[in-house]
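**Q** compute the structure for the input listed below.
(one chain, ligands or ions: 1)
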Amino acid sequence: MEIVDRAILTCPPTNMNALLDGSGTPEYTPTVEHSLTTCEKCGTGVWIGPRQRQARALLGDSAVVLCMVCAIQAQRERGGGTVRHLGGGDGRPRTLG
Ligand SMILES: [Zn+2]
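**A** Numbers count the residues shown, from 1 in each chain. Alright, predicted model coming up:
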């Protein structure tokens, strides 16, 4: 299935803070409920949240996990689209150490 026909689950890449460095955006911290997976397009490591995992389980092949960079690109190729937040993000921050 082409990416263009699939629901995009946008996940922050593990190098998110390096990408945001200097942008003034607060540091991204995944929660303890996030787990690691890979972007299906570029293979970079991404954090996937519990609701995104649920959506992926529900949608199967009609969903695609993309890092933010690939998701933005795919969105452009589609000429826009609907961006929805699945909620969440209220979990306990994971301590990186
Ligand atoms: Zn990617």
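**Q** isn't T29 up against R94?
**A** Yes. T29 is in contact with R94 according to Cβ atoms under 8 Å; the separation is 6.4 Å. Backbone N, C-alpha and C define where each C-beta goes, glycine included.
**Q** partners of the residue most central in space within the chain in the sheet?
**A** If you average the C-alpha coordinates of the chain and look for the closest C-alpha using Cα atoms, centre = their mean, you land on C11, 0.9 Å from that point. Legend: beta-bridge partners of C11 under DSSP bridges are C67.
**Q** now do the contacts for it.
**A** Residues in contact with C11, defined by Cβ atoms under 8 Å, 6 or more residues apart in numbering, are 37, 39, 46-49, 52, 65-68.
**Q** near the ion, which residues of the chain? Just list them.
**A** Contact residues of the chain with respect to the ion, defined by Cβ under 5 Å from the ion, are listed as 39, 41-42, 67, 70.
**Q** among these, which ones are buried?
**A** 39, 41, 67, 70 (16 or more other Cβ atoms under 10 Å).
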